[in-house]
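Student: fold the following and give me the result.
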Amino acid sequence: MGSLATEKTVIGWAARDATGVLAPYTYTLRKTEAEDVVLKVLYCGICHTDVHQTKNDLGMSKYPMVPGHEVVGEVVEVGPEVTRFRLGELVGVGAIVGCCQNCQPCKSNVEQYCNKRIWSYNDVYTDGKPTQGGFASTMIVNQKFAVKIPAGLAPEQAAPLLCAGVTVYSPLKHFGLNIPGLKGAILGLGGVGHMGVKIAKAMGHHVSVISSSNKKRSEALDHLGADDYIVSSDVAQMEKATDSLDYIIDTVPVFHPLEPYLSLLKLDGKLILMGVINQPLQFVTPMVMLGRKSITGSFIGSIDETQEMLEFCEKKGLTSTIEVVKMDYVNQALERLERNDVRYRFVVDVARSNLES
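Tutor: Numbering: from 1, shown residues only. You can find the predicted model right below:
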């Protein structure tokens, strides 16, 4: 096994304030521990959460901040107690790099719901050192919070699956919606939404895309393979779809009314919220009561679910639709993502980028 140095100085791209602009930043990684693996970062996806965090939209950002939680890297060093990974293997790291390991969620292997979870970046590790993400040359992670990238998945394609992929896979599995023959819909066709279409179709569902305009109709039907396309502003189309869906995966990350979509659900249908929204949402209770419908939420997925999802995608031949960029384009990519100008996920080619300028 490779040996571990006590500290490593690396270069990443960090935001210094709420403008969210990233620039080269030199910092020291936390000290490595016995169960840690050291990764040479190859690729890192860009998630809408990166925009929220770098711009302090949620009021909890700490700077300097190196974002990135869809990380694929090569194992270059391992600790003496690492048993799950070997040198040279490709591994993925998602949004969480630590948890208490003692609470009920942790003992149930759904550590993403641990109240003491540690985020990949914009958080503090157990040693008091800030966590920094995958927009950097190197990353250190405890072996428990890394997953193996299957041989049949290209690393750049695997990166967005570590967030967007598992975010839709987890609730479909948890709520018993991973059986064929169901009718579901994806509300919002972005990074998470496009994977929702692909994964739900691979599970054997009839899948509709719900969007506010016809702009993405061809993309949804012809390229992603959706079965139907519903324009939410078209009264006739919405009425036609009333009481037709077993579930809706709501990926919209901004305030929007829920009532129009609740009307589309069958008896016992589920509206599953996934967008991070910092405003209260509203609905009248009869919309839920008169169909025994559920409004619920789901947050990324567990490490076990992430590994299972990657293997599912490999088996089904699923990939994310991406645009690969270098680090010197990351600020433009974040701006484009904020205005939904990407098809459908940016992935930074970290290893081939000049991080120093």
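Student: any regions of the stretch 51-200 of the chain where pLDDT drops low?
Tutor: Of all residues in the stretch 51-200 of the chain, none has pLDDT under 70.
Student: strands along that one, start to end?
Tutor: For the stretch 51-200 of the chain, strands defined by DSSP state E, counting those that start in this stretch occupy the ranges 71-78, 90-93, 96-98, 118-119, 123-124, 130-131, 138-142, 146-148, 183-187.
Student: CSV for these, including mean neighbour count and distance to residue 301?
Tutor: Heads up, the C-betas are built off the backbone N, CA and C, glycines and all. Output for these, formatted as CSV (neighbours: other CB atoms under 10 Å; distance: least, CB to CB, whole Å):
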stretch, mean neighbour count, distance to residue 301
strand 71-78, 23, 16
strand 90-93, 26, 12
strand 96-98, 23, 10
strand 118-119, 18, 15
strand 123-124, 15, 19
strand 130-131, 19, 19
strand 138-142, 24, 17
strand 146-148, 23, 11
strand 183-187, 26, 17
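Student: mind checking which of those strands is nearest residue 168?
Tutor: Closest to residue 168 of the strands of the stretch 51-200 of the chain is strand 183-187 (CB to CB; 8.1 Å).
Student: what pairs with that closest one, and is each one parallel or antiparallel?
Tutor: Strand 183-187 sits in its sheet next to strand 206-211 (parallel), strand 245-250 (parallel), going by DSSP bridges.
Student: after the last one, next one along is what?
Tutor: The one in question is strand 245-250. Downstream of strand 245-250, the first helix or strand assigned by DSSP states H and E is helix 259-262.
Student: could you give the average pLDDT over that next one?
Tutor: The average pLDDT within helix 259-262 is 97.
Student: can you point out the buried residues in that helix?
Tutor: 260-262 (16 or more other CB atoms under 10 Å).
Student: would you put the C-alpha positions of stretch 97-106 in CSV?
Tutor: Extracted C-alpha coordinates of stretch 97-106, given in CSV (Å, rounded to 0.1, in the frame of the first residue of the first chain):
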residue,chain,number,x,y,z
VAL,A,97,-17.4,12.9,3.6
GLY,A,98,-18.3,12.2,7.2
CYS,A,99,-21.0,11.3,9.7
CYS,A,100,-21.3,10.4,13.4
GLN,A,101,-21.7,6.6,12.7
ASN,A,102,-23.7,6.2,15.9
CYS,A,103,-27.2,7.6,15.2
GLN,A,104,-30.2,5.7,13.8
PRO,A,105,-29.7,6.9,10.2
CYS,A,106,-26.0,6.0,10.3
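Student: show residues contacting it.
Tutor: Applying CB atoms under 8 Å, 6 or more residues apart in numbering, the set of residues contacting stretch 97-106 from outside is 111-120, 125-126, 131, 141-142, 145.
Student: swap the cut-off to 6 Å and go again
Tutor: Residues outside stretch 97-106 that contact it (CB atoms under 6 Å, 6 or more residues apart in numbering) are 111, 113-114, 116-118, 120, 141, 145.
Student: and the furthest pair within those residues?
Tutor: For the contacts of stretch 97-106, the maximum inter-member distance is 19.5 Å, found between 113 and 141 (CB to CB).
Student: who are the packing partners of the longest strand seen in the chain?
Tutor: Identified as the longest strand of the chain according to DSSP state E is strand 36-46. Packing partners of strand 36-46 (3 or more CB pairs under 6 Å, 6 or more residues apart in numbering; DSSP states H and E): strand 71-78, strand 138-142, helix 155-160, strand 345-349.
Student: now distance to residue 96 too, for these, in TSV please.
Tutor: Listed next are those as TSV, based on distance: least, CB to CB, whole Å:
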stretch	distance to residue 96
strand 71-78	12
strand 138-142	10
helix 155-160	16
strand 345-349	19
